[in-house]
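>>> what follows is a predicted structure for the sequence shown.
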Amino acid sequence: MNKIKLAIIYGGKSSEHEVSKMSARNVIDAISLDKYDVTEVFISPASYWSINDEPIEPLNVLKKFDVVFPVMHGQYGEDGTIQGLLKIAGVAFVGPSVLGSAAGMDKDVMKRLCQQAGIKVAPGIVLRKGDTVDIKKIETDFGYPMFIKPANMGSSVGVHKADNRDELASSITDAFLYDIKILIEAAIDGDEVETAILGNENPQASIPGIVRHKGHGFYSYESKYEDDAGYELEIPAKLSDDILKRVQETAVKVFKACECEGLSRVDSFVTRDGEIIVNEINTIPGFTNISMYPKLWEVSGLEYAELVDKLIELAIERHKRDSSLKTTK
């Protein structure tokens, strides 16, 4: 049996460079070398591409692979840019395509798509660089605490929880260091529930899990990757069967509304009265050994190595489907 030529792309110039390296290492360690001929493709923070420390011309090299797994989080990896390059190269790749990646990455666009689909999201406003900021109106509209976040970042980079006016002002300033568009959202009192999605035309939802943060005020970058005691996971989530079902249905609905394929993780809040409010979608969620996406599928009956196999299978399936479509009349 011929092995599938698989490229694992990781690194990149986003602020989640180190997270990407951790995720890629876990994916590579889980892959069956009996099935795949694996090549590691590294992108430096300065955007230099290399294989075994040798520089490469990406477009020419990528065409040589059967499938590519871009294990890259955040900007230039999860926002449709590298997906566009892979589409041009004509190679199958894991995860949502250009549109789904771009829509899922931009929290403002994602929220608008969800609202149009009848999905509840946290109340909030969008500020763009140069806008006049009316602090008093923001305080009146949302009250404290509130969250401030860049529109196009992941792993909680640049995200702040503000409990007073001084924190709000400084958080806005910091968030604008990462993006020209930021969101200010009302805090939601409820459980933080995450659901993993897998599939193309007929996506399936995993058993949901709950993240309980400790000591950081919210599920921050530090609690995710630097403080082992900063959070605890409850998998499966201890919620009623009815709520679990509605969380799964909502997650699939978000996945479809954002035109995603392959995989994503949908993060929601479940309030005390059982209301489901969507926070965000992550189109290339973390794949480290502590990441929720693989953990949720493991509890749902799909081991890590099997999950990677399925993602590659879905990538090849979609590529064959898209390649069969007419491009001219």
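The structure has been received and is ready for your questions. Numbers count the residues shown, from 1 in each chain.
>>> can you give me the helices for the protein?
Counting by DSSP state H, one finds helices in the chain at the ranges 17-30, 58-62, 81-89, 98-105, 107-116, 135-142, 165-175, 221-225, 241-257, 292-299, 304-323.
>>> and of the ones you listed, who's closest to Glu234?
Distance to Glu234, taken as Cβ to Cβ, is lowest for helix 292-299 among those, at 10.7 Å. For every residue, glycine as well, the C-beta is placed using N, CA and C.
>>> so which other helices or strands are in contact with that closest one?
strand 190-199, strand 209-213, strand 262-271, helix 304-323 (3 or more Cβ pairs under 8 Å, 6 or more residues apart in numbering; DSSP states H and E).
>>> confidence score at the nearest residue to Glu40 once chain neighbours are set aside?
If the residues on either side of it in the chain are set aside, Glu40 comes closest to Ile8, at 5.4 Å by Cβ to Cβ, 6 or more residues apart in numbering. Listed pLDDT for Ile8 reads 98.
>>> and for His216?
At His216, pLDDT is 52.
>>> what do you get for the one 10 residues further on?
Turning to Glu226, the model gives it a pLDDT of 54.
>>> ok, the one 5 residues further on next?
You'll see Tyr231 listed with a pLDDT of 78.
>>> what number of residues lie near it?
Tyr231 has 20 neighbours, counted by other Cβ atoms under 10 Å.
>>> I'd assumed Glu194 was in contact with it.
No. Using Cβ atoms under 8 Å, Tyr231 is not in contact with Glu194, being 11.5 Å away.
>>> between these two, which contacts overlap?
Both Tyr231 and Glu194 are in contact with Val211, where contact means Cβ atoms under 8 Å, 6 or more residues apart in numbering.
>>> dihedrals phi and psi, Gly301?
The phi/psi pair for Gly301 (degrees, to the nearest 10) reads phi 110, psi 10.
>>> and of the helices and strands packed on helix 292-299, who's closest to Leu113?
With Cβ to Cβ as the measure, strand 262-271 is the member of the helices and strands packed on helix 292-299 nearest Leu113 (12.6 Å).
>>> within the sheet, what are the partner strands of that closest one, with directions?
With DSSP bridges as the test, strand 262-271 is paired with strand 190-199 (antiparallel), strand 276-282 (antiparallel).
>>> need those strands in CSV with distance to Met22, can you?
Formatted as CSV, those follow (distance: least, Cβ to Cβ, whole Å):
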stretch, distance to Met22
strand 190-199, 18
strand 276-282, 15
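>>> okay if I get those strands as CSV plus mean neighbour count?
Below are the strands paired with strand 262-271 laid out as CSV (neighbours: other Cβ atoms under 10 Å):
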stretch, mean neighbour count
strand 190-199, 23
strand 276-282, 22
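>>> out of those, which comes closest to Lys21?
Smallest distance to Lys21 across those (Cβ to Cβ): 17.5 Å, for strand 276-282.
>>> residues in contact with Phe287?
Contacts of Phe287 (Cβ under 8 Å, 6+ apart): 23-24, 26-27, 71, 293-294.
>>> nearest to Gly286, of those residues?
Nearest to Gly286 among the contacts of Phe287, with distances taken as Cβ to Cβ, is Ser23, at 5.6 Å.
>>> contacts only, for that closest one.
Counting by Cβ under 8 Å, 6+ apart, Ser23 touches 10, 71, 73, 286-288, 291.
>>> skipping adjacent residues, who's closest to it in space?
Closest residue in space to Ser23, ignoring its immediate chain neighbours: Phe287 at 3.8 Å, by Cβ to Cβ, 6+ apart.
>>> ok so, going back, could you dump the strands paired with strand 262-271 into CSV with mean pLDDT and distance to Lys111 added?
Conversion of the strands paired with strand 262-271 to CSV gives the following (pLDDT from 0 to 100; distance: least, Cβ to Cβ, whole Å):
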stretch, mean pLDDT, distance to Lys111
strand 190-199, 97, 17
strand 276-282, 97, 8
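>>> could you pull up phi and psi at the closest residue to Tyr293 other than its chain neighbours?
Leaving aside its sequence neighbours, Tyr293 sits nearest to Pro285 (Cβ to Cβ, 6+ apart; 4.0 Å). Backbone torsions of Pro285, given as degrees, to the nearest 10, read phi -70, psi 160.
>>> per-residue pLDDT of Pro285, please?
If you check Pro285, the pLDDT there is 94.
>>> ok, Ser14 next?
pLDDT, Ser14: 85.
>>> and what of Glu222?
Looking at Glu222, the pLDDT reads 54.
>>> show me what counts as buried in stretch 281-294.
Using 16 or more other Cβ atoms under 10 Å as the test for burial, stretch 281-294 gives 281-288, 291-294.
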